[in-house]
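# how would this look folded up:
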Amino acid sequence: MTPAEYKKFKGLTKENLRDHMRDLEIIFTMLGEASTTEIERIKDPATFTEHKKVSREGGNVAKKAKLELEKKTKRPVVSKENYLNEPEKEKRKRLPEPEKD
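Okay, the predicted model is just below:
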């Protein structure tokens, strides 16, 4: 999905997409970005077309990993679940208890 499609899928308008991703969604997004960066360093593309090709290669690394995880877990990584939909009280329950002195 493009970022615009992803935002629409999650029901977002002006909000930051990353702020509304679950952990695995962020991890696979970062894997695609890091893979693209590493491939860019090695291939050193000069033209827009070359950069576009490298971007697709980096994205495909994350796509393959995501598909493999989905195959193993039989659950999709991408979710309509949205950080805003969960009440603050529920979010706080997941936070670790503060250490007592």
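
# can we go C-alpha only for contacts and neighbour counts from here?
Noted.

# Can you list the low-confidence ranges for this protein?
83-92, 94-99, 101 (pLDDT under 70).

# Now do the helices in it.
3-10, 23-43, 48-73, 88-93 (DSSP state H).

# between those helices, which gets nearest to N82?
Across the helices of the chain, N82 has its closest neighbour in helix 3-10 (6.5 Å, Cα to Cα).

# contact partners of that closest one?
Here helix 3-10 makes contact (Cα atoms under 8 Å, 6 or more residues apart in numbering) with T13, L17, S79, K80, E81, N82.

# CA atoms of it as CSV?
Taking C-alpha atoms only, helix 3-10 is exported to CSV below (Å, rounded to 0.1, in the frame of the first residue of the first chain):
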residue,chain,number,x,y,z
PRO,A,3,1.1,5.8,2.5
ALA,A,4,-2.1,7.4,1.4
GLU,A,5,-3.8,4.0,0.9
TYR,A,6,-2.5,2.9,4.3
LYS,A,7,-3.9,6.0,6.0
LYS,A,8,-7.3,5.4,4.4
PHE,A,9,-7.2,1.8,5.4
LYS,A,10,-6.6,2.8,9.0
